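**Q** Give me a 3D structure for the following:
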Amino acid sequence: MGRILLDKGKLTLAQAEQVVQLQQERGMRFGEAAQVLGFISESDIQQVLAQQFDYPYLQPGEINFPSQLVAAYQPFSKQVETLRAIRSQLMMQWFSAGHKALALVSANPEESSMFAANLAVVFSQLGEHTVLVDGNLRSPLQHELFRLGNRPGLSDILAGRAGLETLCKVDSFLNLSVLPAGTIAPNPQELLGRPAFKAINDGLSSSFDVILYDVSAYSTGTDALAIASLSGGVLLVARKNKTRLADLNEMNEQLGRSGAKVIGSVLVEF
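**A** Here you go, the predicted structure:
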């Protein structure tokens, strides 16, 4: 721990020597002694422990991700504990059965994107090699959430104008990559119906443990059906006080007819 704190500039060499002296005198752990001396905070200790156990997260203001990306900034909050519980259920019910891909589908625009981003982060924190694919070719958000800029992505690959080199490794997290939506195309349904989409999914399956698809809202078109059919599994995302139960029932029925398995639903507040 001392070496990490020194490398991060949280301690000077002179302070580290004082910490070691107090540690030996009182039989304390290094972090506890440094905190007693007022050199570091509890937050500093949590950061170092996260690094030691390969559980990366960020301090508020570090990297310009939106604050709603709670899995990145507040890993010990109640919200993220709930995300971990959802992750555990998905691992048991879907991914442990040999499946790799899962589509996250909502009734209305922008209800699933933030949830998808946070879920991708917690899967990566588990050590699963995770890729978040922005399959919302109408109003994509993942390139904004992860500050990737406007760059080629899924639509460009489907159009034969790019390849999987457009995958973006998110350096802040050891096991997370994002495939942005790419150029806004006039024909998203036709693009997603091309054989190239299956080839993309197969290519990702050979490199990643978990593939999460953020999908266009069901109310905007039938794009969700194409992605759900390919992934085989769907998690319905509803927003508190906004999503209508009738819409959820209709999605459940239509997605089932596409051949996908609806494995559950999640109610979010953001």
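**Q** how about low-confidence regions in the stretch 51-200 of the chain?
**A** Along the stretch 51-200 of the chain, segments meeting pLDDT under 70 span 51-62.
**Q** Would you state the helices of it in chain order?
**A** Ranges of helices in the stretch 51-200 of the chain, per DSSP state H, counting those that start in this stretch, are 70-73, 78-93, 113-125, 142-145, 154-158, 188-192, 195-205.
**Q** Just send these back as a markdown table, with distance to Gly182 and mean neighbour count too.
**A** To be clear about C-beta, it is placed using only N, CA and C from the backbone, and glycine gets the same treatment. Formatted as a markdown table, the helices of the stretch 51-200 of the chain follow (distance: least, Cβ to Cβ, whole Å; neighbours: other Cβ atoms under 10 Å):
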| stretch | distance to Gly182 | mean neighbour count |
| --- | --- | --- |
| helix 70-73 | 24 | 24 |
| helix 78-93 | 26 | 15 |
| helix 113-125 | 16 | 25 |
| helix 142-145 | 9 | 20 |
| helix 154-158 | 4 | 23 |
| helix 188-192 | 10 | 19 |
| helix 195-205 | 12 | 15 |
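**Q** and those as CSV, adding distance to Ser41?
**A** Output for these, formatted as CSV (distance: least, Cβ to Cβ, whole Å):
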stretch, distance to Ser41
helix 70-73, 16
helix 78-93, 20
helix 113-125, 22
helix 142-145, 28
helix 154-158, 42
helix 188-192, 47
helix 195-205, 40
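**Q** which one is Pro180 nearest to, not counting chain neighbours?
**A** Gly153 (3.6 Å; Cβ to Cβ, 6 or more residues apart in numbering).
**Q** picking that back up, looking at the helices of the stretch 51-200 of the chain, which is nearest to Lys242?
**A** Lys242 lies closest to helix 113-125 among the helices of the stretch 51-200 of the chain, at 13.3 Å (Cβ to Cβ).
**Q** just checking, what packs against that closest one?
**A** helix 70-73, helix 78-93, strand 101-106, strand 130-135, helix 142-145, strand 176-179, strand 210-215, strand 261-268 (3 or more Cβ pairs under 8 Å, 6 or more residues apart in numbering; DSSP states H and E).
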